[in-house]
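Undergrad: Test case, fold it:
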Amino acid sequence: MTEPEQTHRPVRELDQSVSAAAYDPAPVPAETEHGRAGRFWSARRVPAALLALVVLAGSGLMLYDVAAVRADRPAMYWRRALADHLDRWRLEDVAVLAVAGAVVLVGVWLIVLAVTPGLRRVLPMQRDRAHVRAGLDRQAAALVLRDRAMEVSGVQSVRVRMRRTKAKVRARSHFRELDDVRADLDTALGIGIKELGLARPPALAVHVGRPPAGKR
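TA: Predicted structure coming up:
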């Protein structure tokens with residue numbers, strides 16, 4: 001008996017198109033003798049000024065009307081009209097519920113502004129001096145990491161999105177193996193994040209792909 005003839009087809013090596021990896025953030029450094037590097041608080045001058053103007057205008061108008069009534073003058077038309085409307089409205093009316101809901105939302109918004117730091121675009125840096133606090137703008141940090149990534153061999157273009165907790169890097173490589181490019185990007189960007197001197201180093205997510213066929 002003769003064994004059936006086996007046909008050997010040439011195996012083509014597939015061209016890799018994507019290489020991605022994500023890593024946990026570096027451990028947060030312990031609090032130094034100079035104190036904890038917390039987030040920067042926003043002054044929020046615009047909301048505070050608007051709220052102050054509304055309260056001042058409303059208080060002044062009410063005070064003027066009360067003083068006029070005490071001086072035996074008729075109350076202002078808007079207060080009499082408002083009293084008539086309130087006398088006819090009921091708590092289950094849609095308009096009353098809508099106004100109450102809007103007031104609640106405004107109050108919650110003001111409370112959130114009061115208890116949160118704000119300035120999300122400023123990343124706090126480690127404190128090396130007792131009375132000095134430093135911060136780094138997220139866009140500036142992204143530009144630093146982008147310059148670091150462009151120094152890696154094989155990288156054609158890079159986009160960096162810097163958040164408070166994660167740095168997302170999307171690169172395009174027109175030559176070299178994508179795994180090798182990603183490994184070099186991991187090393188370069190890891191060093192770059194450490195050199196930023198941030199109090200809370202962000203996690204790193206690297207995505208490497210091939211550019212479109214017409215742009216290679």
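Undergrad: Walk me through the domains of this structure.
TA: When the chain is parsed into structural domains using automatic domain parsing, the resulting residue ranges are 45-115, 121-215.
Undergrad: Need these in TSV (columns: mean pLDDT and mean neighbour count).
TA: No exception for glycine: its C-beta is placed from N, CA and C like everyone else's. Shown next, in TSV, are the domains of the chain (pLDDT from 0 to 100; neighbours: other CB atoms under 10 Å):
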stretch	mean pLDDT	mean neighbour count
domain 45-115	84	10
domain 121-215	89	17
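Undergrad: Toward the C-terminus, what is the element adjacent to the longest helix seen in the chain?
TA: Among the segments of the chain that qualify as a helix by DSSP state H, the longest is helix 45-70. Helices and strands here follow DSSP states H and E; after helix 45-70, the next one along the chain is helix 77-88.
Undergrad: Tell me what angle that following helix forms with helix 45-70.
TA: Computed by axes from the mean of the first three to the mean of the last three CA atoms, to 10 degrees, the angle separating helix 77-88 from helix 45-70 equals 90 degrees.
Undergrad: what does helix 77-88 contact?
TA: Taking contacts as CB atoms under 8 Å, 6 or more residues apart in numbering, the residues outside helix 77-88 that touch it are D65.
Undergrad: which secondary structure elements does the helix or strand just after it contact?
TA: Scanning forward in sequence from helix 77-88 by DSSP H and E, the next helix or strand is helix 94-115. For helix 94-115, the helices and strands in contact under the criterion 3 or more CB pairs under 8 Å, 6 or more residues apart in numbering; DSSP states H and E are helix 45-70.
Undergrad: make it 7 Å
TA: Using 3 or more CB pairs under 7 Å, 6 or more residues apart in numbering; DSSP states H and E as the contact criterion, no secondary-structure element is in contact with helix 94-115.
Undergrad: can you give me the angle that helix makes with helix 77-88?
TA: Relative orientation of helix 94-115 and helix 77-88, computed by the same axes, to 10 degrees: 110 degrees.
Undergrad: So which elements touch the helix or strand that helix 94-115 is followed by?
TA: Secondary structure here is assigned by DSSP H and E; on that basis, the next helix or strand after helix 94-115 toward the C-terminus is strand 122-124. Contact here means 3+ CB pairs under 7 Å, 6+ apart; on that basis strand 122-124 packs against strand 135-137.
Undergrad: helices and strands around the strand it packs on, which ones?
TA: Where contact means 3+ CB pairs under 7 Å, 6+ apart, strand 135-137 is packed against strand 122-124.
Undergrad: Within the sheet, what are the partner strands of the strand it packs on, with directions?
TA: Partners of strand 122-124 in the sheet, by DSSP bridges, are strand 135-137 (antiparallel).
Undergrad: Can you name the next helix or strand after the partner strand?
TA: Tracing the chain C-terminally past strand 135-137 and defining elements by DSSP H and E, one meets helix 138-150 next.
Undergrad: Contacts for the following helix or strand past that following helix, please.
TA: Note on helix 138-150: by DSSP H and E, the next helix or strand toward the C-terminus is strand 155-162. In this structure, residues lying in contact with strand 155-162 by CB atoms under 7 Å, 6 or more residues apart in numbering are 138, 141-142, 145-146, 149-150, 167-174, 181, 211.
Undergrad: Wait, a helix at A183?
TA: Yes. Under DSSP: H, G, I helix; E, B strand; the rest coil, A183 sits within a helix.
Undergrad: From V46, how far out is P124?
TA: As for P124, its distance to V46 is 23 Å (criterion: CB to CB, to the nearest Å).
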